[in-house]
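In: predicted model follows, preceded by the sequence.
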Amino acid sequence: MATRTEVDETYLDWAASTPMRASALDAMIAAAREGYGNPTGAHHRARVGRRIVDDARDHVADAVGAEPSEIIFCGSGTEADNLAVFGAHAVASGHVACSAVEHHAVLHPVEHLGGTVIGVDGAGQLDLDQLRSIANLDLAVVSVMLANNETGVVQRLDAIRSILDEHAPQALLHTDAVQAFPWLDVVELAAPADLISLSGHKFGGPKGVGVLVVRSNAKIKAQTLGGGQEFELRSGTHNVAGIAAFGVAAQAMAAERAETVQRVGALRDRLVTGIKAALPDTIESARDPLSSQPSPAQQFAPVEKVAGSAHVCFPGIESEALLFTLERVGIYASAASSCASGAQDPSHVLAAMGYPRELAAGSLRMSLGFGTTDADIDRALTIIPEAVHTLRAAAA
Ligand code: PLP
């Protein structure tokens, strides 16, 4: 995705946000122009807006393997996650739980409700024994993300579902599939979930539009009260233009996904292999042991990651210094997930996976996307190892 501004740009932060696909942008502009009537109204202009929303709902339902009536449009992935946790708790008022590597949009609601945060192993996989051990707590909802936003690690929802079916059949299973949607066949892999969160800006759609899939068997309670526009589960006048763009982007992404995964997965492998060849002490999360003599808790089999995720740690490096050096030459990546303050707090994801603070402090998340090119990887491989060498030499 090299674009020429003052410096060459190499965008390696697709997990934070993506550019909009041209087709989604066109749909957004057309919908803003034509679909300005309020979709809940009765006249022609209102019906134009309603048709745009209904078409998008059909596209999203197809892409995620749900019925159109199970698609709840809302204002972000964050809102979808909050609605899942608070909405399920409001119905059943039992215990809530999530994995320790969740995005804060799940983690904070679960902590707010006094829920259990379930640990993960060194590869970021949920501790299924701990899940079993809390299954008698009258669970209302368990939330486990399909793919992690920092490491790209994919969770096995079918194993989690089996445990709930056996020990806590009343519990809803929520999955935050925000990072999984661009890369994985969510129709199959998210099938065990009752509630699924998506966010538009991770796959070439707009920011500020999210979806919560609420399966027809799942009961949750609205958390915004008003006109009840989205099947009485989410109030607020529809963002018609944003929803149109979400639907078009979801359709395009799902149609291209298999090819994108193959092409971008090869680029990711080349990037990680090249960095490790130039800097042999690099640790790739969930693939490499944390030390040459890992403790039993740190031993794990390498796990599946989404194709766009290249996440490594450089011993002895401060991520902030590295990111600053890279930004000056137009390489945009990140350390952990983006947060409002932009401050680099130590990653709760790496901490949960057993990373010592000093190692986690040297993490680099390079995330690729549908627009990443061979030239981007060539440039990253020329610049990143050199930047690490320079920082190490300066610190010596
Ligand atoms: N969940 C995950 C896994 C994410 O990566 C993000 C965004 O970074 C969100 C939720 C929040 O989505 P949004 O930015 O639409 O609020």
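Out: Happy to help now that I have it. Quick caveat: nothing in here was measured; it's all calculated off a predicted structure.

In: what does the chain put close to the ligand?
Out: 76-78, 81, 103, 105, 145, 149, 176, 178-179, 199, 210, 337 (C-beta under 6 Å from any ligand atom). For glycine as for every other residue, the C-beta is placed from the backbone atoms N, C-alpha and C.

In: what about the closest residue to the ligand within the stretch 51-200 of the chain, how many neighbours?
Out: Of the residues in the stretch 51-200 of the chain, the one nearest the ligand is residue 77, at a distance of 2.6 Å by C-beta to the nearest ligand atom. As a burial measure, residue 77 scores 28 neighbours (other C-beta atoms under 10 Å).

In: so the spatially most central residue of the chain is in which element?
Out: Nearest residue to the geometric centre of the chain (C-alpha atoms, centre = their mean): residue 179, 2.6 Å. Counting by DSSP states H and E, no helix or strand carries residue 179.

In: could you report the pLDDT at it?
Out: Note on residue 179: pLDDT of 98.

In: can you give me the strands in the stretch 201-350 of the chain?
Out: Here the stretch 201-350 of the chain has its strands, by DSSP state E, counting those that start in this stretch, at 210-214, 283-284, 309-313, 331-332.

In: just the CA coordinates of the third one, formatted as PDB?
Out: Output for strand 309-313, consisting of C-alpha atoms alone and laid out as PDB, is shown next (Å, rounded to 0.1, in the frame of the first residue of the first chain):
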ATOM      1  CA  SER A 309      -0.600 -10.800  11.900                       C
ATOM      2  CA  ALA A 310       3.100 -10.600  12.400                       C
ATOM      3  CA  HIS A 311       3.900 -10.000  16.100                       C
ATOM      4  CA  VAL A 312       7.400 -10.200  17.500                       C
ATOM      5  CA  CYS A 313       9.400  -9.100  20.500                       C
END
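
In: picking up where we left off before, go ahead and confirm the residue of the stretch 51-200 of the chain closest to the ligand touches residue 178.
Out: Yes. Contact criterion C-beta atoms under 8 Å: residue 77 and residue 178 qualify, at 4.4 Å.

In: list the contacts for residue 390?
Out: Going by C-beta atoms under 8 Å, 6 or more residues apart in numbering, residue 390 touches residue 325.

In: now it: which helix or strand?
Out: With DSSP H and E as the test, residue 390 turns up in helix 374-395.

In: how much space between residue 21 and residue 44?
Out: Residue 21 is 29 Å from residue 44, where distance means C-beta to C-beta, to the nearest Å.

In: can you pull out the strands in the stretch 51-200 of the chain?
Out: All strands of the stretch 51-200 of the chain, identified by DSSP E, counting those that start in this stretch, fall at 71-74, 95-99, 116-118, 139-143, 172-176, 195-199.
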